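S.K.: Everything below, folded, please.
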Amino acid sequence: MDVEDVSLDLPSPFPVVTLAETEPPLRTLVFPVGLTEGTALAQALRRLESPRPMTHELFTEVLQRARIDVIAVRLVGRENGNYLAELDLMAPHGRERIDCRPSDGLVLALRMPVTAPILVDARLLEDPGDGDVVPRSDV
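M.R.: Next up is the predicted model:
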């Protein structure tokens, strides 16, 4: 999937992220994020840099210098209305998966020199409601 948009529809206080499939059936997943996270994501999507590194820019630089690649960002489930995600990393010592907020994972994926793929558990696209979707290890 691709990050298609980050938008703020007033009077809502929260930006929403729209992820869109790049191949048929071209489904979308739309979910809210915090204002700070939405701003960071919008800046990463538009490839805007800050005069001084923001947290995600700093962390991206640390990952690169440590020779750690973001292989993918995975949206793996939903619990109590909150989406769950993980970073799939390749480090010099091997592959690692680390839990993260979807917004943080998306920003890091977009900030890498080569944008990392965004993978979404199909159950999240089939059932966009607030019901829990328990993460499984094969996403």
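
S.K.: so where's this protein uncertain?
M.R.: Low-confidence regions of the chain, defined by pLDDT under 70, span residues 128-132, 136-139.

S.K.: got the residue ranges for the strands in it?
M.R.: Using DSSP state E, the strands of the chain run over 2-7, 16-20, 28-32, 69-79, 82-91, 94-100, 118-120.

S.K.: residue closest to the middle of the chain?
M.R.: Nearest residue to the geometric centre of the chain (C-alpha atoms, centre = their mean): Leu106, 2.4 Å.

S.K.: Is it correct that it is in contact with Leu41?
M.R.: Yes: Leu106 is within contact range of Leu41, at 5.8 Å (criterion: C-beta atoms under 8 Å). C-beta here means a position set from N, CA and C on the backbone, and glycine is covered the same way.

S.K.: Adding distance to Pro135 and mean neighbour count, write the strands of the chain out as JSON lines.
M.R.: Formatted as JSON lines, the strands of the chain follow (distance: least, C-beta to C-beta, whole Å; neighbours: other C-beta atoms under 10 Å):
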{"stretch": "strand 2-7", "distance to Pro135": "21", "mean neighbour count": "17"}
{"stretch": "strand 16-20", "distance to Pro135": "17", "mean neighbour count": "18"}
{"stretch": "strand 28-32", "distance to Pro135": "15", "mean neighbour count": "16"}
{"stretch": "strand 69-79", "distance to Pro135": "4", "mean neighbour count": "20"}
{"stretch": "strand 82-91", "distance to Pro135": "6", "mean neighbour count": "18"}
{"stretch": "strand 94-100", "distance to Pro135": "9", "mean neighbour count": "12"}
{"stretch": "strand 118-120", "distance to Pro135": "12", "mean neighbour count": "20"}
